[in-house]
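S.K.: need coordinates for the below:
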Amino acid sequence: TCLQTIMVQDTTDPIITFCPPDTTIDCGVNTDPDSLGLVAMAIDSCGSGSPVMLFGVDNTDGNIVSIDLTNGSGTIVASTIDGPTGLAWNSSTGDTYMRDFTDLYTVDLSTGAATLVGPSGAFLSALTFDAGNTTLYSINQNNGGFHSVDPATGTSSQLGISGITTPYALATDDAGVIWA
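M.R.: Sure, this is the predicted structure:
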């Protein structure tokens, strides 16, 4: 095993993506913001465009989950479509894309509201953008096909066979290497 501590010096203000409304509650009611559904959300790019906040999707329950980077615990942020299989954020546009096994959507991370972009082929799952945020990629869970996906239409094109038939996630590092 290997344990590494990474210290991030952040001098850039976060971008607030959801600010809950003021509310009035009765005495004795749990005031935990999570239980009241009043959790503020922000994206902190540290000035580099790389998010310090991590989100995921729960394929079984259709939830968007915020993942605590200090302890790995997940908190449900919102419910969304049934069976989401991938999530990718474009740091250049601020748009978040989500897919199920057949369609591509844009999604509001704070509400879970999904807007259909279009069909992109059966059994495509995990999503990631390239390092320049210009191309969206996905993998086919049946045959391992590696696909580019047009974020404007959802149309996908197979680029080759990856050899990976059960991808749970894709990620792109700063050097442009895509990891599955």
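S.K.: over to the closest residue to residue 97 other than its chain neighbours: give its phi and psi.
M.R.: Spatially, and ignoring its direct neighbours in sequence, residue 97 is nearest to residue 88 (4.9 Å; CB to CB, 6 or more residues apart in numbering). Where you see a C-beta, it was placed from the backbone N, CA and C, and this is true even at glycine. Note on residue 88: its backbone torsions stand at phi -140, psi 140 [degrees, to the nearest 10].
S.K.: okay, residue 88: pLDDT?
M.R.: According to the prediction, residue 88 has pLDDT 86.
S.K.: tell me which residues touch it, please.
M.R.: 96-98, 127-129, 136, 170 (CB atoms under 8 Å, 6 or more residues apart in numbering).
S.K.: ranking those residues by neighbours, who comes first?
M.R.: The most crowded member of these, judged by other CB atoms under 10 Å, is residue 127 (27 neighbours).
S.K.: make sure that one is actually in contact with residue 138.
M.R.: Yes. Using CB atoms under 8 Å, residue 127 is in contact with residue 138, at 5.4 Å.
S.K.: quick check: neighbours shared by those two?
M.R.: Residues touching both residue 127 and residue 138 (CB under 8 Å, 6+ apart) are 86, 99, 149, 170.
S.K.: among these, name the ones in strands.
M.R.: 86, 99, 149 (DSSP state E).
S.K.: could you list the low-pLDDT ranges of this structure?
M.R.: Along the chain, the model assigns pLDDT under 70 to residues 1-21, 29-53.
S.K.: center of it - which residue?
M.R.: residue 87 (3.6 Å; CA atoms, centre = their mean).
S.K.: please report the distance of that one from residue 25.
M.R.: With distances taken as CB to CB, to the nearest Å, residue 87 is found 32 Å from residue 25.
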